[in-house]
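In: I would like the atomic coordinates for the input below:
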Amino acid sequence: MCRKWAFAALACLMCSFAAGAQSEADTAGAVKFDYDVRLGAFLDNGEYSSDYKAPQTLSGAYVIPTVGLRFGAGHRIMTGISFLQQFGQKPFGEVPDFLAYYNYKGRVFDGFGGLLPRDEMKGYYSRALFSDSVGYFKHTLAGALLQWEGERGQIEAFFDWNAEDTETGKESFMAGLAGRLDLGRRRLFCVGLAGYMYHYRPGTKSVEEGLSQNFLVDNVMYHVYGGVDLGAVTALDILSIDAGIVGSMSRGRIEVGNAGGWTARAGFHARFNIEWHGWGLEDTFFAGKGLMPLWNAYGTLVYWGDAFYNASVYNRTDLYWAKTLGRRLSIRAALVFHQTAQGVDFCQQASVRVHLWK
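Out: Model (predicted):
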């Protein structure tokens, strides 16, 4: 049933592409060559001593070259590969991802369908929903991405089929959205939301062999907030604060403590960000009940957010320097402090991204 629902949702999204494409007159019949190359490198050295994360160093580089054809009024088809190499491992140890997608770009609408780069997602997602490591290691979105942007805000919806194994029955998919509405004459205020539903089925074989404690898991994450950004009326580049509620609803359908029912968790979430000439401070605070009640059974198989959101009180402080040059090169370096009742954990982060396109 879930698989039928997922494909029905994907079909509806693809119909939206067609409707948007037909709304524009095809004024240019020429077919032109197109390319898009993304390259990045990252280092995340976590010196952790709490129960929430084990000390580890995440590092590597990736390249995502794609080529294709541009035609008509805003249409293009692209194909390529996504390759990740972790530092210290043998070359070609990771199997590359294949990319192939259709993209339509209009005046207020942008739509993608197929296997596409995940960083086309533009919404604001708290790290309670997507941890830093998602950006490091998950570079492909398999499904569809729809985006609308106007003078007063933007919204995006996505569907991502993460895994399917016909031999074991394993499957997982995610459907979600993010949006923001700017308020006021100078658009200094905003309200926003982000969320997704993640469906994870470990597979019949895993259950039979005792490798999984459950046969089917659903997890819903959401974030609702309001905020203000005063950067435009000060000498600072960024001076913003937002506050709201972040929460989860998890269900282990078979033989986990809440079998057949939902466990709801929620807490207060606030973020403060100040930046001047690239030098900045970002502070994020959470207080509530840990958002990941099935973490001990599934961990990162089900939860895509940062494990520190299992704490009842958590504060993260980033002291950083970030710079974007010519819209094509982005550099960021940060000292990150994670504060919980168990003490202060520390990590250092650095990343470089290059994006070249025609």
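In: what is the rounded mean pLDDT of stretch 345-353?
Out: Regarding stretch 345-353, the rounded mean pLDDT is 97.
In: Using PDB, write out every CA atom in it.
Out: Taking Å, rounded to 0.1, in the frame of the first residue of the first chain, the C-alpha atoms of stretch 345-353 are listed here in PDB:
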ATOM      1  CA  ASP A 345      31.500  18.700  23.300                       C
ATOM      2  CA  PHE A 346      33.700  20.400  20.700                       C
ATOM      3  CA  CYS A 347      34.300  19.900  17.000                       C
ATOM      4  CA  GLN A 348      36.000  21.700  14.100                       C
ATOM      5  CA  GLN A 349      34.400  22.000  10.700                       C
ATOM      6  CA  ALA A 350      35.700  23.200   7.300                       C
ATOM      7  CA  SER A 351      34.100  22.900   3.900                       C
ATOM      8  CA  VAL A 352      34.800  24.100   0.300                       C
ATOM      9  CA  ARG A 353      32.200  24.100  -2.500                       C
END
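In: Only the buried residues of that stretch, if you could.
Out: 345, 347, 349, 350, 351, 353 (16 or more other Cβ atoms under 10 Å). Placement of C-beta: from N, CA and C, glycine included.
In: Which residues are in contact with the first one?
Out: Applying Cβ atoms under 8 Å, 6 or more residues apart in numbering to residue 345 gives the contacts 46, 47, 48, 49, 50, 53, 337, 338, 339.
In: Among these, which are located in strands?
Out: Mapping the contacts of residue 345 onto strands (DSSP state E) picks out 46, 47, 337, 338, 339.
In: With residue 123 as the reference, measure out to the second one.
Out: Per Cβ to Cβ, to the nearest Å, residue 47 is found 31 Å from residue 123.
In: Looking at these two, which one has more neighbours?
Out: For residue 47 versus residue 123, the count of surrounding residues by other Cβ atoms under 10 Å is larger for residue 123: 19 against 11.
In: name the element that one belongs to?
Out: Residue 123 is part of no helix or strand, with elements assigned from DSSP states H and E.
In: Give me the phi and psi for it.
Out: phi -70, psi 170 (degrees, to the nearest 10).
In: Send me stretch 238-253 as PDB with only the CA atoms.
Out: This file holds the C-alpha atoms of stretch 238-253, laid out as PDB (Å, rounded to 0.1, in the frame of the first residue of the first chain):
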ATOM      1  CA  ILE A 238      23.000  39.200   9.100                       C
ATOM      2  CA  LEU A 239      21.200  40.000  12.300                       C
ATOM      3  CA  SER A 240      18.400  37.400  12.600                       C
ATOM      4  CA  ILE A 241      16.500  35.400  15.200                       C
ATOM      5  CA  ASP A 242      13.800  32.800  14.900                       C
ATOM      6  CA  ALA A 243      11.900  30.800  17.500                       C
ATOM      7  CA  GLY A 244       9.200  28.200  17.400                       C
ATOM      8  CA  ILE A 245       8.500  24.500  17.900                       C
ATOM      9  CA  VAL A 246      10.300  21.500  16.600                       C
ATOM     10  CA  GLY A 247       8.800  18.000  17.000                       C
ATOM     11  CA  SER A 248       8.600  14.400  15.900                       C
ATOM     12  CA  MET A 249       6.100  11.600  15.700                       C
ATOM     13  CA  SER A 250       7.500   8.100  15.600                       C
ATOM     14  CA  ARG A 251       5.800   4.800  15.100                       C
ATOM     15  CA  GLY A 252       7.300   1.300  15.200                       C
ATOM     16  CA  ARG A 253       4.400  -0.700  13.800                       C
END
